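**Q** give me the fold of what follows.
(one chain, ligands or ions: 1)
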Amino acid sequence: MSESSNKRGIALVLSGPSGVGKDAVREPLLAACPGLRQSISATTRPMRPGERDGVDYHFLTKEDFEAAIRREEFLEYTLYNGNYYGTPAPFAKKELDEGKDLLFKIEVQGALNVKRFFPDAVLVFLVPPSMEVLWKRMTGRGTEDPETQKARFRTAYRELEFASQYDYIVTNGDLNETVEHVRAIYLAEKARIDRSMALVKTLLQEEIQ
Ligand code: 5GP
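**A** Below you'll find the predicted structure:
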């Protein structure tokens, strides 16, 4: 019997203040954790160069997104910088029920809503090594005007205040270390007694001829 058929999958939620570097962590983390798949969110923001529909996001029109809200298809959604972002519920429910582990990369409030929907979700909060580093990362992108940068920086302070509602806090300084740290959390969570007792029960039922 496969391990996954014994237990529910893990909902691993990667979040943290704006600009902390969630995007940079996502791909190497998925590469380092075979068995962990990404939950693909829906959004109404325009596609950026290099992004693919159905891979990075499901890119929807505002009308289609609002219709999906009315059909209660999102387990959480938010308006962020004037665009909708939401986590489709059917895919996540099905995968987790089948014992597959899912990575959600979402902003702070959405992450807490995922926990309301899936109380056994594991919430990881990324923090910058310092606010100075965060400011440099935000302004280093060079894609926003100074007012927008300042507004995002102020938002980051407010978002940091939610950290106490998370399960883990990881400092995102060196990327490799961050990935190792989150991977360690993922592996430890997989081994938790409440997730793994079904495996022991299976072992106990095994008879050697
Ligand atoms: P971006 O436009 O840079 O891809 O994402 C903007 C913000 O929206 C990021 O903080 C990202 O993590 C967040 N986000 C992405 N998908 C979702 C989602 O499904 N729900 C929520 N609440 N936030 C999301």
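**Q** rest of the way, CA atoms for contacts and neighbours
**A** Will do.
**Q** what separation do you get for residue 50 and residue 27?
**A** Separation of residue 50 from residue 27 (Cα to Cα, to the nearest Å) stands at 14 Å.
**Q** the two: which is more packed in?
**A** Ranked by neighbour count (other Cα atoms under 10 Å), residue 50 and residue 27 place residue 27 first, with 13 against 6.
**Q** element containing the more buried one, please.
**A** helix 22-32 (DSSP states H and E).
**Q** how far does that helix sit from the chain's center?
**A** 10 Å (Cα atoms, centre = their mean, to the nearest Å).
**Q** ok, now stretch 10-22?
**A** Taking Cα atoms, centre = their mean, one finds stretch 10-22 lying 5 Å from the centre of the chain it belongs to.
**Q** same check, this time on stretch 68-84
**A** Relative to the centre of its chain, stretch 68-84 is centred 16 Å away, using Cα atoms, centre = their mean.
**Q** start to end distance for it?
**A** Using Cα to Cα, the end-to-end distance of stretch 68-84 comes to 11 Å.
**Q** buried residues in it?
**A** By 16 or more other Cα atoms under 10 Å, the buried positions in stretch 68-84 come out as 68-69, 73-78, 84.
**Q** one more: stretch 128-144?
**A** Buried, per 16+ other Cα under 10 Å, within stretch 128-144: 128, 134-135, 138-139.
**Q** need those residues in a markdown table with distance to residue 45 and secondary structure, can you?
**A** Listed next are the buried residues of stretch 128-144 as a markdown table, based on distance: Cα to Cα, whole Å; DSSP: H, G, I helix; E, B strand; the rest coil:
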| residue | distance to residue 45 | secondary structure |
| --- | --- | --- |
| 128 | 26 | coil |
| 134 | 24 | helix |
| 135 | 24 | helix |
| 138 | 19 | helix |
| 139 | 21 | helix |
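**Q** show me which pair in the residues you listed is furthest apart.
**A** Across these, the longest distance by Cα to Cα is 14.2 Å; it joins 128 and 139.
**Q** for the protein, just list every one of the helices.
**A** Along the chain, counting by DSSP state H, helices occupy 22-32, 62-70, 89-97, 108-117, 131-140, 146-160, 175-190, 193-205.
**Q** possible to save the ones you listed as a markdown table with distance to the ligand and mean pLDDT?
**A** What follows is the helices of the chain, written out as a markdown table (distance: least, Cα to the nearest ligand atom, whole Å; pLDDT from 0 to 100):
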| stretch | distance to the ligand | mean pLDDT |
| --- | --- | --- |
| helix 22-32 | 7 | 95 |
| helix 62-70 | 12 | 97 |
| helix 89-97 | 10 | 95 |
| helix 108-117 | 4 | 94 |
| helix 131-140 | 12 | 92 |
| helix 146-160 | 11 | 91 |
| helix 175-190 | 16 | 97 |
| helix 193-205 | 25 | 86 |
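**Q** return the most buried member of those.
**A** Stretch with highest mean neighbour count among those: helix 108-117 (a mean of 19; mean count of other Cα atoms under 10 Å).
**Q** and it, what does it pack onto?
**A** Contacts defined by 3 or more Cα pairs under 8 Å, 6 or more residues apart in numbering; DSSP states H and E place helix 108-117 against strand 11-15, strand 74-80, strand 122-127.
**Q** fine, thanks again, bye for now.
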